[in-house]
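Asker: just need the structure, nothing else, for what follows:
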Amino acid sequence: MDDKTFKGMRETIKPTIRVEKKKSKNGMRKMCPKCDAYALGIEMITGYPIKTKDGFITEIQALPEKIIW
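Answerer: Down below sits the predicted model:
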C-alpha cells in the first residue's frame, strides 16, 4: 500500500494494524492481507488499492480466498 493511501485509510477507519512495517524506499508499506484484512478494506464494497508481490494494483476483494483466509 502506498503511503498516501495508508495515511488516508488510517484517518478514515482508524484500524488496529497487526503487522505495521515502515515504508520502504519506494514509498510502499508491506501489509499482511490475512492479518490486516479490515485495514485493507475487506468489509467495504471496494477496498483500498494494494500492490501485490507480482506488481499488480488490486484490492483485497480480488485476492483469492486461500490467500486471505
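Asker: what's the burial count for residue 37?
Answerer: Using other C-beta atoms under 10 Å, residue 37 has 19 neighbouring residues. C-beta: built from backbone N, CA, C; applies to glycine.
Asker: so residue 42 is in which element?
Answerer: Counting by DSSP states H and E, there is no helix or strand that carries residue 42.
Asker: show me the helices in the chain, by range?
Answerer: 3-13, 65-68 (DSSP state H).
Asker: pLDDT of the first one, averaged?
Answerer: Helix 3-13 shows an average pLDDT of 86 in the prediction.
Asker: what does it rub up against?
Answerer: The contact list for helix 3-13, computed with C-beta atoms under 8 Å, 6 or more residues apart in numbering, reads 1, 15, 23, 27, 28, 29, 38, 39, 40, 41, 48, 49.
Asker: buried ones in stretch 52-69?
Answerer: 59, 60, 63 (16 or more other C-beta atoms under 10 Å).
Asker: let me know whether the last one touches residue 33 as I believe.
Answerer: Yes. In this structure, residue 63 sits in contact with residue 33. The criterion is C-beta atoms under 8 Å, and the distance is 5.9 Å.
Asker: not counting its neighbours along the chain, what's nearest the residue nearest the centre of the chain?
Answerer: Among the residues of the chain, the one closest to the centroid is residue 40, at 3.8 Å (C-alpha atoms, centre = their mean). Distances taken as C-beta to C-beta, 6 or more residues apart in numbering put residue 60 closest to residue 40, at 4.3 Å, once the chain neighbours are dropped.
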